[in-house]
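**Student:** From the sequence below, what's the structure:
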Amino acid sequence: MSSKVSDHILERLRSWGVEQVFGYPGDGINGLLAAWGRADDQPRFIQSRHEEMSAFEAVGYAKFSGRIGVCAATSGPGAIHLLNGLYDAKLDHVPVLAIVGQTNRTAIGGSYQQEVDLHTLYKDVASEFVETVMVPEQLPNVLDRAIRTAYARRCPTAIIVPADVQELDYSPPTHEFKMVPSSLGMSDYTATPTDEALRRAADVLNAGDKPAILIGQGAAGAVAEVREIAELLGAGVAKALLGKDVLSDELPYVTGPIGLLGSRPSYELMRDCDTLLTIGSSFPYTQFMPEFGKARGVQIDIDPHMVGMRYPYEVNLIGDARATLRRLIPLLETDRGGREWQNTVCANVKRWHDTMERRAGLSADPINPEYVARALDPLLPENAILTSDSGSVANWYARHITMRGDMRGSLSGTLATMGPGVPYAIGAKFAHPDRPVFALVGDGAMQMNGLAEMITAAKYRDRWSDPRLVVGVWNNRDLNQVTWEMRAMEGAPSFVPSQELPDVQYAAFARTLGLTGVRVEKPEEVEAGWRAALEADGPAVIEFVTDPAVPPIPPHASWEQMEATAKSILKGDEDRGSMIKQGLKAKVQEFLPGDKH
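**Tutor:** All right, here's what the predicted structure looks like:
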């Protein structure tokens, strides 16, 4: 029996080490689905409830495995549904390959059913590489280039395969004019700056007295080197949210997250430093970085396209973070005198941890959302993987989860889209089936798609050697982050028709799937709820009924800004008294004595 184009697609994916493809069926990929049947489901087809979830699962898999995530969908509507997850991959620099169907070549251009100009549609999201396979001889080159480009550029790529092409007998490219042969594989490679550029960077760093380091996900392969340079310079280290799991939060000079969802000591670090070293981060919010002219800057990034555009750095070093730091460190002065600056940073960090503990301990109606995250933190195994959805829950993930040991964590850092928390977690389980995974999700995101993807979790629970996939839901009946943004940024009260959510029984839904489901309505039951999830023999949904009046206060918020927000609330918010009280209670914790003991 002759091999079809669709058979060769799966064979080539296996040769690249692809073990699963996250997808949803449709007649535009019927030929590919038939090939999966002939290939005994290798690589495994992982069925989501929606193509967007397939893309998110591929992103989650890629983020936590370091390997390419692959998703597949039919033509037209299926291909369109993939887009949001693929844009998430693009903006967070994650290698993902999308394989999508198309109507038969004979019908293209004829306004045929489900015909969409997919090449045009995908040209932005897969801007580094998108191609349509029109004849069998194209296939190996197109597929190999798509995979190599995704890895090399850390981006999504796409190949479009018309339905009739999938059914053609496969014939490889020949040694003839206008044929393009191909080959598998690519070696590892390392880019480093020139000696002259490194010396200039060292001069800037040696001249500083109050150094700050900002790290992102691009520093993940340089943990030892980041620690060494931080200790050598006597610096504090702030983390962009995509870099939250790069460096342990137990290090005393690690100030935690930066930005609106960040910590007070990270804000103070950037406000008061005279030197900034940014490693593997494209953190976009300039207002949280040192004032222009106040600090000298050096940036290290592997991508020349992403350097020098967030801050007026004096030296932009193009290179791998680990290799660059290993060459830079010997050029730095070892006798730098006292450690007053770093001691101040460490004291600020300790005071902030005390503040966060007090905030989490404040009473609320019925449960303080900060306490939910705070109670989970000490219970997390040191090999746990965490995903956070967008929304107010991202504040609690950023501020209350202590990264330590081999813990990993991520969220939609740049697109900040709603909905990836649960599918990311499913992708993480396929990347690391032997590790417990926790998804921290708001009720809005859970209603958007998390409930449906619990069906996927139930379907594949037996594939994971550690079956624990814990979904914590903050149920406050409000699209809370946007509600607070309206108050703080627009000076407007909450618009109830857009913000209020139904009170869905999330835990009860999980139980209908044969999963563990626990609804927690009292503060004294929070820890027991998390423990029930940790002891479950499969996926679990733990639902916490939390107070929407607890504000996600930015780290730089002043009393004047708090007053302005209070005035907007007084204009017409339904629960204005409770919100003002909770905001004042939370803010005052920053001004209490640092050591509560």
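
**Student:** what's the burial count for residue 503?
**Tutor:** Residues lying near residue 503 (other CB atoms under 10 Å) number 11. Quick note: C-beta positions are derived from backbone N, CA and C, even for glycine.

**Student:** begin at 7 from here
**Tutor:** That works, and once the first residue is 7, the last one we named lands at residue 509.

**Student:** Need the three-state assignment for it.
**Tutor:** At residue 509 the chain is in coil, as set by DSSP: H, G, I helix; E, B strand; the rest coil.

**Student:** Hmm, residue 481 and it touching each other?
**Tutor:** Yes - counting by CB atoms under 8 Å, residue 481 is a contact partner of residue 509 at 7.0 Å.

**Student:** where do the contact lists of the two overlap?
**Tutor:** Shared contacts of residue 509 and residue 481, defined by CB atoms under 8 Å, 6 or more residues apart in numbering, are absent.

**Student:** Show me the shaky parts of this protein.
**Tutor:** Within the chain, the stretches with pLDDT under 70 are 7, 495-496, 563-603.

**Student:** Point me to the residue sitting closest to the centre of it.
**Tutor:** Nearest residue to the geometric centre of the chain (CA atoms, centre = their mean): residue 417, 2.6 Å.

**Student:** what about that residue, distance to residue 387?
**Tutor:** According to CB to CB, to the nearest Å, residue 417 stands 20 Å off from residue 387.

**Student:** before we move on, what about residue 353?
**Tutor:** Residue 353 sits 30 Å away from residue 387, going by CB to CB.

**Student:** quick one: secondary structure of residue 322?
**Tutor:** strand.

**Student:** what's near enough to touch it?
**Tutor:** Residue 322 sits in contact with 304, 305, 307, 313, 314, where contact means CB under 8 Å, 6+ apart.

**Student:** Sort out which of these are buried, if you could.
**Tutor:** Using 16 or more other CB atoms under 10 Å as the burial test, these include 304, 305, 307, 313 as buried.

**Student:** I'd like to know which of these are part of helices.
**Tutor:** Among those, the subset assigned to helices under DSSP state H is empty.

**Student:** out of those residues, who's nearest residue 521?
**Tutor:** Proximity of those to residue 521 (CB to CB) peaks at residue 307, which lies at 42.1 Å.

**Student:** show me the contacts for that closest one.
**Tutor:** Taking CB under 8 Å, 6+ apart as the criterion, residue 307 is in contact with 224, 284, 285, 286, 287, 288, 313, 322, 323, 324, 327.

**Student:** Tell me how far it lies from residue 279.
**Tutor:** Separation of residue 307 from residue 279 (CB to CB): 19 Å.

**Student:** Residue 89 too?
**Tutor:** 40 Å.

**Student:** quick one, which of the two is more surrounded?
**Tutor:** More neighbours surround residue 279 than the other of residue 89 and residue 279, with 27 against 19 (other CB under 10 Å).

**Student:** Not counting its neighbours along the chain, what's nearest that one?
**Tutor:** residue 218 (3.7 Å; CB to CB, 6 or more residues apart in numbering).

**Student:** Name the SS class of the one you found, please.
**Tutor:** Under three-state DSSP, residue 218 comes out as strand.

**Student:** Bridged to it, which residues?
**Tutor:** Residue 218 has these beta-bridge partners by DSSP bridges: residue 242, residue 282.

**Student:** correct me, but it touches residue 296?
**Tutor:** Yes - counting by CB under 8 Å, residue 296 is a contact partner of residue 218 at 7.5 Å.

**Student:** tell me, what's touching those two both at once?
**Tutor:** Counting by CB under 8 Å, 6+ apart, the residues touching both residue 218 and residue 296 are 276, 279, 282.

**Student:** Could you pull up the contacting residues of the first one?
**Tutor:** Residue 276 is in contact with 218, 220, 244, 264, 282, 294, 295, 296, counting by CB under 8 Å, 6+ apart.

**Student:** so it sits in a helix?
**Tutor:** Yes - per three-state DSSP, residue 276 lies within a helix segment.

**Student:** for the contacts of residue 276, which one is nearest residue 525?
**Tutor:** residue 264 (34.8 Å).

**Student:** What is the neighbour count of the closest one?
**Tutor:** Counted with other CB under 10 Å, residue 264 comes out at 29.

**Student:** I'd like the distance from residue 261 to residue 275, if you could.
**Tutor:** Separation of residue 261 from residue 275 (CB to CB): 5 Å.

**Student:** try residue 340
**Tutor:** Using CB to CB, residue 340 is found at 23 Å from residue 275.

**Student:** try residue 519
**Tutor:** 45 Å.

**Student:** Between the two, which has more neighbouring residues?
**Tutor:** Taking other CB under 10 Å, residue 519 and residue 275 do not tie; residue 275 has more neighbours (30 against 18).

**Student:** In contact with the more buried one, which residues?
**Tutor:** 218, 242, 244, 261, 351, 354 are the contacts of residue 275 under CB under 8 Å, 6+ apart.
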